[in-house]
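Colleague: Below is the sequence, then the predicted model.
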2 protein chains.
Amino acid sequence: MAKGPRAEKAIFDATLRLLTERGYDGLTVEGVADLAGVNKTTLYRWWPSKPALVRAALLRADVLTVEIPDTGSLRGDLIALVEGMIGLLGGQGAGGVAAAVLASAGRDETLAALSRDFFADRLERERPIFDRAVERGELSDATGVMTLMDLLAGAVWLRLVLRGLPAPPRFAEELVDTVLPGHAVRH
Amino acid sequence: MAKGPRAEKAIFDATLRLLTERGYDGLTVEGVADLAGVNKTTLYRWWPSKPALVRAALLRADVLTVEIPDTGSLRGDLIALVEGMIGLLGGQGAGGVAAAVLASAGRDETLAALSRDFFADRLERERPIFDRAVERGELSDATGVMTLMDLLAGAVWLRLVLRGLPAPPRFAEELVDTVLPGHAVRH
């Protein structure tokens, strides 16, 4: 992966903020350059198009990153992971709102491709959790992982973004303890 | 609920189509009247504002309705319900795309309120499935229903809308059989 310019953080922050405020259609590379305080040509040197810039911001911005936990058990790892998602999607920062922008992918093929890449990238980052669970003998194999993550992350999306409700206390534990027994039996 | 005009179906179809094509910001009541072939004053008589019109279309359009099954078992009802959601969100019609538009609620307070109302309305429609399961003794009570539906519907959203992937064969059964054992134990 090409190393971004020193102003990368400011550029990604500006990109996500404009995505949030104006949506993908209203975002311009010029607007990002202005807000980040960098020269437009600098920006174009690293990301030659608007989709390339937005893709880099979504995949690499720290504000959208959920830490991959290593607590020693699959249940502990999944609860920590879901808590991270709740923090991200429930927050008022760029994370929650850029996530909502991603969800408008249904209307636009470029955004749809970005959304697919974003979630594929997340799943790759989460995979070590399941590989470790297989090594510990907690799972027989790592099949069905996408479905398990769709259930957990999907529930957080639906409750926080689509229903617009706060996560109740111990929501992460409730979700994990509902899906894990059935998943463990099936795989 | 006030009975809509005879042209109600055409109006709701036009509303959802314009939502899909132009997004909430680009939709106008005049545009809906034109596309539906009705007089603008007729439209305003029933729905005095754009949010009122969009709310009615989202809550009442047949194309967004999932049939509430009554198969005789909670598992059968949930599988049929999730299959209906897969058909709705995976389709190319107004359903899937209007659903994606709803998901942009993070950016706009009016859309956020619509999204909340839409999902609250869906949960009310689904409640008889759980009331019948309690009557049959399959569940001890109907608590935890929102979490169960968030897991199931959230997984369909994440796989079909956000990941942009098709539902694999027997996806509805896989989801239900993963969440139901843990849910039944917890409630």
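Modeller: Ah, there it is. Since this is a predicted model, take the numbers as computed values, not measurements. Numbering: from 1, shown residues only, chains lettered A, B, ... in the order given.
Colleague: I'd like the average pLDDT over the helix or strand A:Pro128 falls within.
Modeller: For A:Pro128, the element it lies in under DSSP states H and E is helix A:109-135. Regarding helix A:109-135, the rounded mean pLDDT is 91.
Colleague: so how far is that helix off the chain centroid?
Modeller: 9 Å (CA atoms, centre = their mean, to the nearest Å).
Colleague: Kindly report the same for stretch A:164-176.
Modeller: Centre to centre, stretch against its chain (CA atoms, centre = their mean), the figure for stretch A:164-176 is 18 Å.
Colleague: again with stretch A:32-50
Modeller: Worked out by CA atoms, centre = their mean, stretch A:32-50 lies 23 Å from the chain centre.
Colleague: Spatially central, which residue of chain A would that be?
Modeller: Ranked by distance to the mean C-alpha position of chain A (CA atoms, centre = their mean), the top residue is A:Leu64 at 5.5 Å.
Colleague: shouldn't that residue be in contact with A:Leu88?
Modeller: Yes: at 6.9 Å, A:Leu64 counts as touching A:Leu88 under the criterion of CB atoms under 8 Å. Where you see a C-beta, it was placed from the backbone N, CA and C, and this is true even at glycine.
Colleague: tell me the domain ranges of chain A?
Modeller: A:8-60, A:65-186 (automatic domain parsing).
Colleague: that older thread, which other helices and strands does the helix holding A:Pro128 contact?
Modeller: Here helix A:109-135 touches helix A:50-60, helix A:74-90, helix A:94-102, helix A:145-156, going by 3 or more CB pairs under 8 Å, 6 or more residues apart in numbering or on different chains; DSSP states H and E.
Colleague: now that helix and helix A:74-90, what's the angle there?
Modeller: 160 degrees (axes from the mean of the first three to the mean of the last three CA atoms, to 10 degrees).
Colleague: wait, what's in contact with A:Arg159?
Modeller: A:Leu165, A:Ala167, A:Phe171, B:Met146, B:Thr147, B:Asp150, B:Gly154 (CB atoms under 8 Å, 6 or more residues apart in numbering or on different chains).
Colleague: For it, which three-state class applies?
Modeller: helix (DSSP: H, G, I helix; E, B strand; the rest coil).
Colleague: Looking at per-residue confidence, what score does it get?
Modeller: Confidence for A:Arg159, expressed as pLDDT, is 93.
Colleague: do you know how far it is from B:Ala133?
Modeller: 22 Å (CB to CB, to the nearest Å).
Colleague: Where does pLDDT dip in chain A?
Modeller: Filtered on pLDDT under 70, chain A yields the residue ranges A:1-5, A:92-107, A:187.
Colleague: give me every residue that touches A:Arg186.
Modeller: Counted by CB under 8 Å, 6+ apart, A:Arg186 has contacts A:Gly144, B:Glu174, B:Asp177, B:Thr178.
Colleague: Identify those among these that sit within helices.
Modeller: Among the contacts of A:Arg186, the members falling in helices (DSSP state H) are B:Glu174, B:Asp177, B:Thr178.
Colleague: Please work out how many residues are found near A:Leu152.
Modeller: 27 (other CB atoms under 10 Å in any protein chain shown).
Colleague: next one: A:Ala36
Modeller: Neighbour tally, A:Ala36, other CB under 10 Å: 22.
Colleague: you'd agree it is up against A:Arg6?
Modeller: No: under the criterion of CB under 8 Å, A:Ala36 makes no contact with A:Arg6, lying 11.4 Å away.
Colleague: Could you dump the ones in helices among the contacts of A:Arg186 into TSV and include distance to chain A?
Modeller: What follows is these, written out as TSV (distance: CB to the nearest CB, whole Å):
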residue	distance to chain A
B:Glu174	6
B:Asp177	6
B:Thr178	4
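Colleague: Looking at those, state which has the most neighbours.
Modeller: Counting by other CB under 10 Å, top hit in the ones in helices among the contacts of A:Arg186: B:Thr178 with 28 neighbours.
Colleague: show me the contacts for the nearest residue to A:Phe119 once chain neighbours are set aside.
Modeller: Leaving aside its chain neighbours, A:Phe119 sits nearest to B:Arg163 (4.8 Å; criterion: CB to CB, 6 or more residues apart in numbering or on different chains). Applying CB under 8 Å, 6+ apart to B:Arg163 gives the contacts A:Ser115, A:Arg116, A:Phe119, A:Ala120, A:Asp150.
Colleague: which one of those has the most neighbours?
Modeller: So for the contacts of B:Arg163 (other CB under 10 Å), the most neighbours sit at A:Asp150, 27 neighbours.
Colleague: circling back: any idea which of the contacts of A:Arg186 is closest to A:Asp25?
Modeller: Using CB to CB, B:Glu174 comes nearest to A:Asp25 of the contacts of A:Arg186, at 36.3 Å.
Colleague: how much space between the closest one and B:Ala167?
Modeller: B:Glu174 is 10 Å from B:Ala167, by CB to CB.
Colleague: Check A:Ile129 too.
Modeller: Taking CB to CB, one finds A:Ile129 at 24 Å from B:Ala167.
Colleague: Could you do A:Thr15 as well?
Modeller: 32 Å.
Colleague: Put together JSON lines for the contacts of B:Arg163, with distance to A:Glu30 on each row.
Modeller: JSON lines is the format used below for these (distance: CB to CB, whole Å):
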{"residue": "A:Ser115", "distance to A:Glu30": "24"}
{"residue": "A:Arg116", "distance to A:Glu30": "27"}
{"residue": "A:Phe119", "distance to A:Glu30": "29"}
{"residue": "A:Ala120", "distance to A:Glu30": "30"}
{"residue": "A:Asp150", "distance to A:Glu30": "37"}
